[in-house]
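S.K.: Provided below are the primary sequence and the corresponding predicted coordinates.
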Amino acid sequence: MHRQSLKPVHILSLGACAICAQAIFIREMMALFTGTEFVIGALLAGWLFWVGLGGLLGGRLLESLGRRDIALFTRLTVSASILLPATTVTIRFTRGLIVSPPGVLPAFSIALLSALLVMGPFGFVYGMIYNIASHLWKRDGTGLPGGVSRVYIWEAAGSLVGALVFSFILLTFFSQLEVAFIVAFFVCAVVTANATRGKISYPRLVLIAFLGVVLIVFVPKVDRKSIESIFRGYRVERFLSSKYGEIVAVSKNEVLSFFSGGGRLFSVPEPERAEEVIHVPLLLHPEPRRLLLIGGSLGGGWEEAVKHTTVNSVDCLELDGELLELALKMERHHPPFLPERERPMDATTPEEQGVTFIEGDGRFFLSTGQHRYDVIILNAPPPVNLQWNRYYTKDFFELAERALSPGGIFALSHASSENYLSHHQARVLRCIETTMKEVFREVVILPGSTTHFLAGERSIDVDSLLPRIEERKIETRYVSENFIPFRFSEMRMEFLKSSLARARDVTVNTDTRPSMPLYELLLEGERGGSVKFGGMQRLMEIHPAIPFGALAAILLILFSMVRKGWAARMSVWAVGFGSFLLQLLILLVYQSYSGLLYYAIVLMTALFMGGASLGAWSSLQRAQAGERTLRWIHLCFIFLALLLLAWFQVLRYFELPHNLGAIGFLFFSTGGGFLTGFYYPIIVRTALPVNGSVVPATFYAWDLFGACIGGFLGGVLLFPLAGLAGAVVFLIFLHVSAATLLVGRW
């Protein structure tokens, strides 16, 4: 009987399935760590480990069984497709079990272990499929090496196609779980809907029809149930996916709370916080007219601001347009959660009171240099990740300082404690103070359960708070004549000053060397009652050169002692290590620059894979490429890393349009993928027997194992401790060592 043959569309669909699965898993699991991007490397490393293990061990199992037919390929592909939505649901229920209450940071070890284990089944099965596809695709007389290279090319091309569809179509109209089911349905349809001898395969059509019914009828219900499992004890009002992550609105005891990426953004009503954040900086300005709120307007901020009669313009800047639209819609449709605000009789809408809502990024908005404000209030979540850290760096403070009118005030606040500051809490506050003093001439810190930082070029008179609140006749519940003398007493001011003075050895927080996220994570661990980042704490206390030197010494010894038969594997491992470390640096630096990593990670990863596909195809056209070419590729990796460092400096000192800046990062992702793809077929052609008994995925697995180590070390060690420059130096050392000690030894 005629059997179906393996076609490029099958490998394309597999690549699309893999990139969508990777994106969905990462977006779902990042919520376990409140969006902390330093774990992206570890999560991607876990993904690569399971795929590599499936390619190596699964390949050996298949070799021993002698099964390499199209029927097994189809069964495994369908299994992987079903595992995609099943794994997504499992991640959500896991979040519900280990994150309690919602919004807190769970024990790091438990969260990381859970995240790595839950990806195992899908990754292992996917790695096994690579072996079967390579054996089924021996063409043009090139034997097994030709099949391996062609699968590599078409899989990477499928990743590019899948990422484009995911980013620009699927994520726009569907939730993440719905996307998982749609992709699974599509892949199953591609690999199962085949005719034999021109006849219709009715069992396959029945299976496809059944999956379609499940997709239409049951997925929305499963979607809601899985979200409700995360927010137990709350009523889930709305949930959706945006380019910045998952957004969920929940209610409890007539309080409406908004969550994004696993962390709580704000709750309504929350009048005490809204009054403090808005009135303290406005009262310290003699005559505020133009106000910019960067975040915080949706939690009651703009209503408090317009109580100041001098204020005639309030620009409310919100990063996530989906969140802005959802919050404003819920204010109209859920009045029990958002009580009526006191407004003048002749002005019933925000627009009539001079309030403008703007969807946009605070940094890019200020970088245009088109606006000047008397007061700029930053009301962002604590910088536990790079997305929020962008608003606490020296680079951002410089933008804010240039946007202030003469005598203007920039203000931000951070959760604190009135009577006791732990070491980690004091270090967080001291880091903010140190970084602000790098930019502003005057920095004033006011104590309390919320610490207020106020900065400008002129002296800020704290004693003017009480007279001005009486002068302006502002109706408030909390910021009042009783509140101010108690909270900002001389004794409390002195206590805060002495506590911060004891927090030494903090570094200035910058885009290229972000220190605040690490300090925040250690503080979160302390609040949770356990040492969740104890290892990182000990590493931070020693000089970065020590762990870097130890790691470099290990690599030198490893490369020097490797046996001849393993030199090719180690070369692939080193390139996987270096290329993925470079890709991780591109992702993290792009997040520091734009805050759009949740949206762009799929596209940038796809461009890396697309570059790998193009590089592998180009390499196959050059059959004479050998040892000398491999050394040139290592040199090109070094040049690309240095170019990334230079590009980010250009973005820091020249205010380029965001689209132009993003294009540079897309170029680096594509370039890194091209070099990786060009390297791979040369190794396969020169070191893999044409018709030997070697597992096809051997070098593929070693490439992934190297990428696994690069992702883990880059995310939790190199970039956090040494920043971009230090990580680039290590990357250069890696490629020089590999080119010198490994290339040509096989």
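M.R.: Good, I have the coordinates. Source: prediction; values computed, not measured.

S.K.: so how far is stretch 258-265 from its chain's centroid?
M.R.: Distance of stretch 258-265 from its chain centroid, counting by C-alpha atoms, centre = their mean, to the nearest Å, is 14 Å.

S.K.: which other residues reach it?
M.R.: Here stretch 258-265 makes contact (C-beta atoms under 8 Å, 6 or more residues apart in numbering) with 30-35, 95, 99, 102-103, 231, 242, 244-250, 257, 266-267, 298, 320, 323, 326-327, 381, 384-385, 387, 598. Bear in mind the C-beta positions are built from the backbone N, C-alpha and C, glycine included.

S.K.: mind checking which of these are in strands?
M.R.: Secondary structure defined by DSSP state E assigns Ser242, Gly245, Glu246, Ile247, Val248, Ala249, Val250, Ser257, Phe266, Ser267 of those to strands.

S.K.: contacts only, for the first one.
M.R.: With C-beta under 8 Å, 6+ apart as the criterion, the residues that contact Ser242 are Ser260, Asp320, Gly321, Glu322, Leu323.

S.K.: same deal with the fourth one?
M.R.: Ile247 sits next to Arg238, Phe239, Leu240, Ser241, Phe258, Phe259, Ser260, Asp320, Glu322, Leu323, Leu326 when contact means C-beta under 8 Å, 6+ apart.

S.K.: of all the contacts of Ser242, which comes closest to Leu645?
M.R.: Nearest to Leu645 among the contacts of Ser242, counting by C-beta to C-beta, is Asp320 at 30.1 Å.

S.K.: please name the nearest non-neighbouring residue to Gly360.
M.R.: Nearest non-adjacent residue to Gly360, counting by C-beta to C-beta, 6 or more residues apart in numbering: Leu317, 5.8 Å away.

S.K.: ok, now Leu596?
M.R.: Closest residue to Leu596 apart from its sequence neighbours, by C-beta to C-beta, 6+ apart: Lys243 at 6.6 Å.

S.K.: doesn't Tyr598 make contact with the one you found?
M.R.: Yes - between Lys243 and Tyr598 there is a contact at 6.2 Å, judged by C-beta atoms under 8 Å.

S.K.: looking at these two, which is more packed in?
M.R.: Higher neighbour count among Lys243 and Tyr598: Tyr598, with 24 against 15, using other C-beta atoms under 10 Å.

S.K.: residues contacting that one?
M.R.: By C-beta under 8 Å, 6+ apart, the contact set of Tyr598 is Arg27, Met30, Lys243, Tyr244, Gly245, Gly261, Gln387.

S.K.: could I get these in a markdown table, plus columns for distance to Leu14 and pLDDT?
M.R.: What follows is the contacts of Tyr598, written out as a markdown table (distance: C-beta to C-beta, whole Å; pLDDT from 0 to 100):
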| residue | distance to Leu14 | pLDDT |
| --- | --- | --- |
| Arg27 | 21 | 85 |
| Met30 | 24 | 82 |
| Lys243 | 26 | 72 |
| Tyr244 | 29 | 73 |
| Gly245 | 27 | 73 |
| Gly261 | 29 | 73 |
| Gln387 | 31 | 84 |
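
S.K.: of these, closest to Met128?
M.R.: Nearest to Met128, judged by C-beta to C-beta, of the contacts of Tyr598 is Arg27 at 25.3 Å.

S.K.: so the closest one makes contact with Ala180?
M.R.: No - Arg27 lies out of contact with Ala180 (C-beta under 8 Å); the separation is 10.7 Å.

S.K.: between these two, which one's more packed in?
M.R.: Legend: neighbour count by other C-beta under 10 Å for Arg27 and Ala180, higher for Ala180 (28 against 23).

S.K.: the more buried one contacts Ile82, correct?
M.R.: No - counting by C-beta under 8 Å, Ala180 stays clear of Ile82, with 10.4 Å between them.

S.K.: hang on, the earlier thing: I'd like the contacts of Ser242 as TSV, with pLDDT, neighbour count and distance to Leu607 appended.
M.R.: Shown next, in TSV, are the contacts of Ser242 (pLDDT from 0 to 100; neighbours: other C-beta atoms under 10 Å; distance: C-beta to C-beta, whole Å):
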residue	pLDDT	neighbour count	distance to Leu607
Ser260	80	23	26
Asp320	79	21	24
Gly321	77	15	25
Glu322	79	17	25
Leu323	80	22	28
